[in-house]
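Asker: Model the following, please.
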Amino acid sequence: MTNDPGELEPPAPRARHELPDVLSIDTRSIRYEPPQFRNFRSALSEGGDVVEFLVETDAPIPARALGPALQIGTTLVVEVVEVDSTHYRFLAFDPERLAPGARVGLCWSGDPETVRSTSFRYEGVG
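Answerer: Numbers count the residues shown, from 1 in each chain. Alright, predicted model coming up:
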């Protein structure tokens with residue numbers, strides 16, 4: 001004999017993964033040196049000139065399986081390191097793919113449809 005009434009459980013509330021607003025973006029060209037590992041080779045680019053985007057947000061970017069990405073025009077910049085809870089460092093290893101004047105947005109790397117528009121444009125680096 002069972003006490004199960006046979007009713008379905010109500011669905012659990014879904015976690016919200018909204019991206020925060022971007023407050024500022026500082027862009028510069030830097031010389032990138034990949035980390036040196038003892039037992040394997042890094043999948044990151046060989047050393048060279050890359051474009052660094054230092055992004056400040058109004059709140060932390062939520063942790064989830066998909067990482068954040070900067071969308072520069074139609075190019076996604078997915079290499080990111082959290083500096084602190086509202087500052088993020090994105091690296092573009094192919095600067096030639098970045099179009100000057102392109103709009104900059106913040107999205108989830110696996111879902112560019114989630115792009116959060118900003119008022120910023122990529123102006124290139126000198």
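
Asker: Which strands or helices does the helix or strand bottoming out on mean pLDDT in the chain pack on?
Answerer: Within the chain, no helix or strand scores below strand 111-121, which has a mean of 90 by mean pLDDT, DSSP states H and E. Contact here means 3 or more C-beta pairs under 8 Å, 6 or more residues apart in numbering; DSSP states H and E; on that basis strand 111-121 packs against strand 22-32, strand 68-72, strand 103-108. Every residue, glycine included, has its C-beta placed from N, CA and C.

Asker: so which of the ones you listed gets nearest residue 11?
Answerer: Distance to residue 11, taken as C-beta to C-beta, is lowest for strand 103-108 among those, at 22.1 Å.

Asker: CA atoms only: put that closest one into CSV for me.
Answerer: Extracted as CSV, the C-alpha positions of strand 103-108 are listed here (Å, rounded to 0.1, in the frame of the first residue of the first chain):
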residue,chain,number,x,y,z
ARG,A,103,29.2,48.0,-30.5
VAL,A,104,30.3,46.2,-27.3
GLY,A,105,27.9,44.0,-25.4
LEU,A,106,28.1,41.4,-22.6
CYS,A,107,26.6,38.0,-23.1
TRP,A,108,26.9,34.3,-22.1
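
Asker: pLDDT on that strand, on average?
Answerer: Averaging pLDDT along strand 103-108 yields 96.

Asker: if we can go back for a sec, what would the helices and strands packed on strand 111-121 look like in JSON lines with mean neighbour count and distance to residue 50?
Answerer: Shown next, in JSON lines, are these (neighbours: other C-beta atoms under 10 Å; distance: least, C-beta to C-beta, whole Å):
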{"stretch": "strand 22-32", "mean neighbour count": "14", "distance to residue 50": "4"}
{"stretch": "strand 68-72", "mean neighbour count": "24", "distance to residue 50": "13"}
{"stretch": "strand 103-108", "mean neighbour count": "21", "distance to residue 50": "16"}
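
Asker: now the ones you listed in JSON lines, with distance to residue 39?
Answerer: Formatted as JSON lines, the helices and strands packed on strand 111-121 follow (distance: least, C-beta to C-beta, whole Å):
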{"stretch": "strand 22-32", "distance to residue 39": "22"}
{"stretch": "strand 68-72", "distance to residue 39": "29"}
{"stretch": "strand 103-108", "distance to residue 39": "31"}
